[in-house]
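J.: Quick one, what's the 3D model for this:
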Amino acid sequence: MKNFTNDMNFASLSSSQDIVFIQFGRKSCTPCASIRLKIRAWLKENTGVAGFYIDVEDFPKLAAQGGVFSVPSVQVYFEGKLIIERSGYFSLEEIFANLERYRELRTKTVYS
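T.: Sure, this is the predicted structure:
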């Protein structure tokens, strides 16, 4: 999972891979750190998925433009379109399972 930096463009992130996982968090947020570790582990097992971490304290305008007003928050883009958006208390396992279904459906569509 890469940290978002000033030289990155948010709009181009969402379409940088077929699946893009973006987490919004804060350094002082314990749940954010826990979620980040789980996302990193999942990303290592799932090639072809890009992951980015955006610190809302460093990029408050970007978070607000993305509709993120609380942390932890995640957004998942599939082929450049926002398909999953969660904030506060949510299940990462559910998100990961949904992404697997998207990948399966895409594979069936492409090879059918």
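J.: Which pLDDT value belongs to Thr109?
T.: Looking at Thr109, its pLDDT stands at 64.
J.: In terms of secondary structure, what does the longest helix belonging to the chain contact?
T.: Criterion DSSP state H: the longest helix present in the chain is helix 92-111. If you count contacts as 3 or more Cβ pairs under 8 Å, 6 or more residues apart in numbering; DSSP states H and E, helix 92-111 packs onto strand 19-25, helix 30-45, strand 73-78, strand 81-87. Quick note: C-beta positions are derived from backbone N, CA and C, even for glycine.
J.: so what does the third one touch, helix or strand wise?
T.: Spelled out, that is strand 73-78. For strand 73-78, the elements it packs on are strand 19-25, strand 81-87, helix 92-111, judged by 3+ Cβ pairs under 8 Å, 6+ apart.
J.: Most tightly packed of those?
T.: strand 19-25 (a mean of 23; mean count of other Cβ atoms under 10 Å).
J.: Quick one: mean pLDDT for it?
T.: Averaged over strand 19-25, pLDDT sits at 95.
J.: Now the terminal residues of stretch 37-52, how far apart.
T.: End-to-end span of stretch 37-52 (Cα to Cα, to the nearest Å): 12 Å.
J.: And it, what's buried?
T.: For stretch 37-52, burial by neighbour count (16 or more other Cβ atoms under 10 Å) applies to Ile39, Trp42, Leu43, Val49, Ala50, Gly51, Phe52.
J.: got it, and stretch 56-68?
T.: The neighbour-count check on stretch 56-68 (16+ other Cβ under 10 Å) flags Val56, Phe59, Leu62, Ala63, Gly66, Val68 as buried.
J.: So which of the helices and strands packed on strand 73-78 is nearest Cys32?
T.: Among the helices and strands packed on strand 73-78, the nearest to Cys32 by Cβ to Cβ is strand 19-25 (3.1 Å).
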